[in-house]
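Peer 1: Need coordinates for the following:
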Amino acid sequence: MFEHLVSFKFKEALSPSKEAELLEALHALKTHVPGIVELTAGRNETLETGNIQGYMLGLRVTFTDRQALQDYGPHPAHQSFVAMLDGLVENVIVIDYPIV
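Peer 2: Residues are numbered from 1 along each chain as shown. Presented below is the predicted three-dimensional model:
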């Protein structure tokens, strides 16, 4: 299996409705993208405020294997979500690793 972690830093604070829209779209990926074993997404609520560095949304996806992760990138549902981020994102951090 492969783990896919993403942290999103936005140019400005999201409205509650925009944040809810993005999180709903992220959660919907599980039903549309083959090879997803588990998906969680949410707002950063860490008490370690010195470590937030502006990253306010997080995503964790467990894929069946590396190929499922590679197929996820160009998948239309994922690309639709990426289009929703247009003009909103300042930076994104991605970490992918095999689960051993």
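Peer 1: Enumerate every residue touching the most centrally placed residue in the chain.
Peer 2: Closest residue to the average C-alpha location of the chain: Leu59 at 3.5 Å, with Cα atoms, centre = their mean. When contacts are counted by Cβ atoms under 8 Å, 6 or more residues apart in numbering, Leu59 is found next to 4-8, 26, 39-41. From N, CA and C alone the C-beta is placed, and that goes for glycine too.
Peer 1: of those residues, buried ones?
Peer 2: 4, 6-8, 26, 39, 41 (16 or more other Cβ atoms under 10 Å).
Peer 1: thinking again about what came up before, confidence score at the residue nearest to the centre of the chain?
Peer 2: pLDDT, Leu59: 98.
Peer 1: just the one 5 residues further on next, same as before
Peer 2: Here the pLDDT value assigned to Thr64 is 98.
Peer 1: That one reaches Val33, doesn't it?
Peer 2: No - contact criterion Cβ atoms under 8 Å: Thr64 and Val33 do not qualify, at 11.0 Å.
Peer 1: For these two, indicate the residue with more neighbours.
Peer 2: Val33 (19 against 13; other Cβ atoms under 10 Å).
Peer 1: what about the strands in the protein?
Peer 2: 2-10, 36-43, 55-63, 89-98 (DSSP state E).
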